[in-house]
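Participant: Structure for this input, please:
(one chain, ligands or ions: 1)
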Amino acid sequence: MAELTAPERGDEVSWVRAHLGDLVRGDVDASPIAGGQQAADAVLANFSVRGYAARRSEVWPTDRRGASRLSPYIRHGLLSLPRVWDHVGRGPERDSTTFRDELLWQEYARHVYARVGTATQRSLRYAVEERVRPYDWPEGMACVDLAAGELRESGWIPNQTRMWLASQWSVRDGAGWRDGEDAFFRHLLDGSRAANRIGWQWTVGALTGKPYGFSRWQVEKRAPGLCAGCALAHRCPISAWPPDSPPEPRAHVDPLLRRDPDVAQTSGLAAVAQASGNAPQRVWLTAESLGDEDPALMAYPDLPVVFTWDIPLLQRLRLASQRLVFLAQCLADLAERRDVIVRTGSPSIELRGIPLVTTFAPVPGWRRHRASLDVTRVEPWPWLVPPHDGPVTSFTAWRRRARV
Ligand SMILES: Cc1cc2nc3c(=O)[nH]c(=O)nc-3n(C[C@H](O)[C@H](O)[C@H](O)COP(=O)(O)OP(=O)(O)OC[C@H]3O[C@@H](n4cnc5c(N)ncnc54)[C@H](O)[C@@H]3O)c2cc1C
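Facilitator: Take a look at the predicted model:
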């Protein structure tokens, strides 16, 4: 469709407004969480894992929180899981072990998605309703207002309030979890189909058969004092636990969840081996891997870099503008060190005929585009743990076989 000049640092909001404004609802604004390699490096440098185990689930007041807020950078490959894993190596053992367990959850979600792809749109093991009826979170409960407001305003919320919102949506109010997943995905700066779908499936019971019950008890524990200012404090709709109604196991479970017959496809090593090896002319960057340590960027330090805003996809997704600004910030930051070419349109069409080098990305969209492009070299994805051929039916089953 078009080649554009790359956004410049400090000007990303106007850049998104000018070039992508018709893809978002409402005006364009930036999240307080800034995108870009320099921002990612600064957040990681300032993150100390000390106290993480005790405070990772705290919600409010916000200064009690222990979560790292690294997820937007991890999601877009500005910080690789191995780098973050190493960063916490010298912290107190309990804290670094707990933190590393969470990194493994991220890796687990990526492995599941790399293996079964769009099958994660369906409830994987237990039959939980996916699309039931239009829904939005109720207004007036201080806990739900806090979490939903923060999600919309900043594009990031802690794991604890993700569980509250997902449970309120599906377990309490019976709405379809896929619509909830889409609602999160529109706003979260770290929104990935891999982790978001596993997070929803886990919370609503589609993965384990045990839905997470959200009640006032968690709010009083994780956000002490919040209920006192709630208009519904004396007629709290979540004062009791939700009824215990575990979902039925699905009659058919995808056999790929139990065994992977082609680990080289899943891990990307097959794609690396199949590339022709001819000299590339551009590094093709995707939203999966926008960091300076992207393997293809590192392997070809002198080649221009090309990034395509996938307009057909964005028209469908209607992401919150903060997500687009975050990505524009990543490109603007990179453009200070590399020659960055920005295009709009479908990558399969925009990049057709150009010999490309790129990093394997463990998502179905990468495979789809790559099939119609002249990708002459593929660099391997920086897994934290190499994918194995054993079960991914649960985190525990996957972990048993993971070489950590
Ligand atoms: C319903 C629901 C939806 C979610 N959607 C997403 C999503 O779209 N993208 C996403 O990256 N995470 C998602 N998560 C997982 C988790 O909530 C976030 O990764 C975490 O809250 C990010 O904040 P943080 O960086 O401060 O995490 P920290 O607690 O500081 O953890 C460090 C890193 O570990 C990883 N991590 C932590 N907890 C989890 C987890 N439960 N599952 C997978 N990885 C984890 C993340 O990469 C995170 O950045 C979801 C969880 C739920 C319950």
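
Participant: Can you name the residues in contact with stretch 27-45?
Facilitator: By CB atoms under 8 Å, 6 or more residues apart in numbering, the surrounding residues in contact with stretch 27-45 are 9, 12-13, 16-17, 21, 68-70, 72-73, 76, 78-79, 83-84, 87, 154-156, 189, 290-292, 321-322, 324-330, 332-334. Yep, even glycine has a C-beta here, placed from its N, CA and C like the rest.

Participant: Name only those of the residues you listed that count as buried.
Facilitator: Among the contacts of stretch 27-45, those scoring as buried are 12-13, 16-17, 68, 70, 72-73, 76, 78-79, 83-84, 87, 154-156, 189, 290-292, 321-322, 324-330, 332-334 (criterion: 16 or more other CB atoms under 10 Å).

Participant: one step back: near the ligand too, which of the contacts of stretch 27-45?
Facilitator: The residues of the contacts of stretch 27-45 that also fall near the ligand, by CB under 6 Å from any ligand atom, are 68-70.

Participant: Confirm that residue 344 lies within a strand, as I assumed.
Facilitator: Yes: counting by DSSP: H, G, I helix; E, B strand; the rest coil, one finds residue 344 located in a strand.

Participant: neighbours around it, how many?
Facilitator: 17 (other CB atoms under 10 Å).

Participant: And the strands in the chain?
Facilitator: With DSSP state E as the definition, the chain shows strands at residue ranges 2-4, 282-284, 305-310, 340-345, 356-359, 375-379.

Participant: Just put the ones you listed in JSON lines and tack on distance to residue 105.
Facilitator: Below are these laid out as JSON lines (distance: least, CB to CB, whole Å):
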{"stretch": "strand 2-4", "distance to residue 105": "37"}
{"stretch": "strand 282-284", "distance to residue 105": "29"}
{"stretch": "strand 305-310", "distance to residue 105": "27"}
{"stretch": "strand 340-345", "distance to residue 105": "32"}
{"stretch": "strand 356-359", "distance to residue 105": "22"}
{"stretch": "strand 375-379", "distance to residue 105": "25"}
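
Participant: Give me whichever of these is most buried.
Facilitator: With neighbours defined as mean count of other CB atoms under 10 Å, these peak in mean count at strand 356-359, which reaches a mean of 26.

Participant: chain center to that strand, what's the gap?
Facilitator: Strand 356-359 sits 22 Å away from the centroid of its parent chain (CA atoms, centre = their mean, to the nearest Å).

Participant: can you list the residues of this protein near the ligand?
Facilitator: Taking CB under 6 Å from any ligand atom as the criterion, the chain approaches the ligand at residues 56, 67-71, 74-75, 102-103, 105-106, 109, 158-159, 162-163, 166, 184, 188, 190-192, 195-196, 199-200, 203.

Participant: Would you mind checking the residues you listed for buried ones?
Facilitator: Among those, those buried by neighbour count (16+ other CB under 10 Å) are 56, 67-68, 70-71, 74-75, 102-103, 105-106, 109, 158, 162-163, 166, 184, 188, 190-192, 195-196, 199-200, 203.

Participant: Quick check: the residue in the stretch 201-350 of the chain that the ligand sits nearest to vs residue 312, distance?
Facilitator: Residue nearest to the ligand within the stretch 201-350 of the chain: residue 203 (5.0 Å; CB to the nearest ligand atom). Distance of residue 203 to residue 312, given as CB to CB, to the nearest Å: 30 Å.

Participant: who are the neighbours in contact with the residue of the stretch 201-350 of the chain closest to the ligand?
Facilitator: Neighbour list for residue 203: 162-163, 166-167, 170-171, 211-212 [criterion: CB under 8 Å, 6+ apart].

Participant: Can you give me the distance of residue 56 to residue 34?
Facilitator: Applying CB to CB, the value for residue 56 to residue 34 is 23 Å.

Participant: and if you look at residue 92?
Facilitator: Counting by CB to CB - residue 92 and residue 34 are separated by 29 Å.

Participant: Just give me the longest helix of this protein.
Facilitator: Determined from DSSP state H, the single longest helix within the chain is helix 93-116.

Participant: re earlier: now, which of the buried ones among the residues of the chain next to the ligand lie within helices?
Facilitator: 71, 74-75, 102-103, 105-106, 109, 162-163, 166, 184, 195-196, 199-200, 203.

Participant: In helices, which of the buried ones among the contacts of stretch 27-45 appear?
Facilitator: In this view, these that belong to helices under DSSP H are 12-13, 16-17, 72-73, 83-84, 87, 154, 321-322, 324-330, 332-334.

Participant: picking that back up, if you count what's nearby, which of residue 92 and residue 34 comes out ahead?
Facilitator: Using other CB under 10 Å, the more surrounded residue of residue 92 and residue 34 is residue 34, with 20 against 15.

Participant: How much space separates the more buried one from the ligand?
Facilitator: Counting by CB to the nearest ligand atom, to the nearest Å, the separation of residue 34 from the ligand is 15 Å.

Participant: Kindly report the same for residue 402.
Facilitator: Taking CB to the nearest ligand atom, one finds residue 402 at 14 Å from the ligand.

Participant: Contacts only, for the residue nearest to that residue when sequence neighbours are not counted.
Facilitator: Distances taken as CB to CB, 6 or more residues apart in numbering put residue 385 closest to residue 402, at 4.6 Å, once the chain neighbours are dropped. Counting by CB under 8 Å, 6+ apart, residue 385 touches 104, 107, 111, 402-404.

Participant: For PyMOL, write the select line for the buried members of these.
Facilitator: Only the buried members of the contacts of residue 385 enter the following PyMOL selection, criterion being 16+ other CB under 10 Å:
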select buried, resi 104+107+111+402
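
Participant: and the least confident of the contacts of residue 385?
Facilitator: Least confident entry in those, by pLDDT: residue 404, with 90.
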